[in-house]
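[1] A predicted structure for the sequence below; I have some questions about it.
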Amino acid sequence: MFDKELLEKDVLNRIRWDRRLNPEDFTVCYVDRFSSELKEVRYVDLILDGDYLLIGDSQIPVHRIRQVKHKGKVVWAKRKA
């Protein structure tokens, strides 16, 4: 669904602006800074603000995103360096 070469912000912006995609169908997985666990949040529950995801009162740097899922299936994963 997404080119593996796309950056995190490119994927999030495509979900937002591509009329063929339903944002309700997506979840974003990111690494929690304190627990190092992979946390999952519905795309519609976050706001992209520059280089940060705003989730409630939390600011998560975009570089911590590891996966994007569509209806539970991973459709984008961060490349390993």
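    Okay, I see it.

[2] pull the number of nearby residues for Phe2.
    By the measure other Cβ atoms under 10 Å, the count of residues near Phe2 is 15. Placement of C-beta: from N, CA and C, glycine included.

[3] which residues touch the nearest residue to His63 once chain neighbours are set aside?
    The shortest distance from His63 to any non-neighbouring residue, by Cβ to Cβ, 6 or more residues apart in numbering, is to Glu8 (7.0 Å). Contacts for Glu8 (Cβ atoms under 8 Å, 6 or more residues apart in numbering) come out as Val62, His63, Ile65, Lys78.

[4] quickly note the distance from Glu8 to Leu54.
    As defined by Cβ to Cβ, to the nearest Å, Glu8 lies at a distance of 15 Å from Leu54.

[5] now do Glu24
    18 Å.

[6] again, but for Phe2
    Taken as Cβ to Cβ, the span from Phe2 to Leu54 is 22 Å.

[7] count the neighbours of Gln67 for me.
    16.

[8] actually Trp76, not the one I typed
    For Trp76, using other Cβ under 10 Å, the count is 26.

[9] pretty sure it sits against Leu12.
    No: Trp76 is not in contact with Leu12 according to Cβ atoms under 8 Å; the separation is 9.7 Å.

[10] need the residues touching each of those two.
    The contact lists of Trp76 and Leu12 share Val68, where a contact means Cβ under 8 Å, 6+ apart.
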